[in-house]
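Undergrad: kindly generate the corresponding structure for this input.
(one chain, ligands or ions: 1)
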Amino acid sequence: MLGDKKVLFSGMQATGNLTLGNYLGALKNWVSLSDEYECFYSVVDLHSITVRQDPAELRRRARALYILYVAAGLDPEKNCIYYQSHVSAHSELAWILNCFTYNGELSRMTQFKDKSAKHADNVNAGLFTYPVLMAADILLYQTDLVPVGKDQMQHLELTRDIAQRFNGIYGDVFTIPEGYIAKTGAKIMSLQDPSKKMSKSDENPNASIYLMDDADTIIRKFKRAVTDSEACVRYNENQPGISNLMEIYSTCTGKSFAEIEKEFDGKGYGDFKMAVGESVVDVLRPIHERIADLEKNKDYIDSMIKANAEKANYVATKTLRKVQKKVGFPERIR
Ligand code: TRP
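TA: Numbers count the residues shown, from 1 in each chain. Predicted structure coming up:
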């Protein structure tokens, strides 16, 4: 608890072009939770350097992601939106938690196995201890709720194990966080291969809708989306392509699957794909407009970056000092 509200923490990496999946599966849900909780939303740039980055590009993308958080509807005066690298407590707590995490646990993480296969020339120690940094992110703010994608649930479970282990030794230091997977939009699949998640690193540009795609591009990609031969708009396992488009349409318009099936009864896939494309364009248009406005307003964004870094530092340092004392580091002399 912070004040009279429960605490929510989540973060996203500023690497790759963010997709519609990132918006519908994550950002949109964050916005809907932001009134109810005391929220911390981080641009997790420390995590990004576990794979090699171009420095100027990383900085540019981190700012673009910051602006996107705001444009998507997270008010930076009510939510603590900050860069992870501006709060050194993340790195400091991660070091301590590394000493309470077993190599065996980390080698079981599926993301580590996937990423080390993908970046075989750079299997660095940071890639291995990535989940410990994520645990530090969460535990520093005494977080109650962590909205995550399904692929991050294993890291969240590990965070809980680390926190319980630490509390078991030193008493109640950390709040044990709960993971939260939103029901709708939780998994937006590739438009070209609906058995795969829509990913910012997909090599086929037609597989993903990028958040910055213009209207024509969006419509074109939906027209090319793979479907099947059943020729009816119905949500079922045998029609993964159509079901994915229904999921997108439902999340963008708020219509239920039954309503959608009725709306397109007797109509072809062409009409349906067009409607899905337009619903996405309608959702992204106001976000694009707000981004353009915010980009003109450098001083406002800079002042939010500064004020929120101070707030995050204040809360995080409080937890860090408690932990440092528990493990036996000498008191600071003032
Ligand atoms: N690892 C997460 C991802 O790639 C991002 C992340 C870092 C995160 N720290 C976090 C998510 C803390 C939730 C809470 O998606």
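Undergrad: what's the burial count for Ser107?
TA: 11 (other Cβ atoms under 10 Å). C-beta here means a position set from N, CA and C on the backbone, and glycine is covered the same way.
Undergrad: do Asp45 as well
TA: By other Cβ under 10 Å, 21 other residues sit near Asp45.
Undergrad: what residues does the stretch 1-150 of the chain have near the ligand?
TA: 9-13, 44, 47, 134, 137-138, 146, 148 (Cβ under 6 Å from any ligand atom).
Undergrad: if we go to 5 Å?
TA: The stretch 1-150 of the chain has residues 10-11, 44, 134, 137 near the ligand, with proximity defined as Cβ under 5 Å from any ligand atom.
Undergrad: between these, which has the most around it?
TA: That'd be Asp137 among those, by other Cβ under 10 Å, with 27 neighbours.
Undergrad: what mean pLDDT does the helix or strand hosting that one have?
TA: Element membership for Asp137 (DSSP states H and E) is helix 125-140. With pLDDT averaged residue by residue, helix 125-140 scores 98.
Undergrad: just the CA coordinates for stretch 167-187, please, in CSV.
TA: The C-alpha trace of stretch 167-187 is given here as CSV (Å, rounded to 0.1, in the frame of the first residue of the first chain):
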residue,chain,number,x,y,z
ASN,A,167,11.2,-12.6,4.0
GLY,A,168,11.7,-16.1,5.4
ILE,A,169,15.2,-15.1,6.5
TYR,A,170,14.7,-11.4,7.5
GLY,A,171,11.1,-11.0,8.3
ASP,A,172,8.4,-9.1,6.3
VAL,A,173,10.5,-6.9,4.1
PHE,A,174,8.8,-7.3,0.7
THR,A,175,5.1,-7.3,-0.3
ILE,A,176,4.5,-10.5,-2.3
PRO,A,177,3.2,-9.4,-5.7
GLU,A,178,0.4,-11.0,-7.7
GLY,A,179,0.6,-11.3,-11.5
TYR,A,180,-2.3,-10.1,-13.6
ILE,A,181,-3.1,-11.2,-17.1
ALA,A,182,-5.9,-9.3,-18.7
LYS,A,183,-8.7,-11.4,-20.2
THR,A,184,-9.1,-9.6,-23.5
GLY,A,185,-6.3,-8.6,-25.8
ALA,A,186,-3.9,-10.7,-23.7
LYS,A,187,-2.6,-12.5,-26.8
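Undergrad: anything in that stretch near the ligand?
TA: No: shown here: stretch 167-187 not in contact with the ligand (Cβ under 5 Å from any ligand atom), separated by at least 8.6 Å.
Undergrad: what residues of that stretch count as buried?
TA: Residues 170, 173-175, 177, 179-182, 185-187 are the ones in stretch 167-187 that count as buried (16 or more other Cβ atoms under 10 Å).
Undergrad: relative to the whole chain's centre, how far out is stretch 317-332?
TA: Relative to the chain's own centre, stretch 317-332 is displaced by 30 Å; criterion: Cα atoms, centre = their mean, to the nearest Å.
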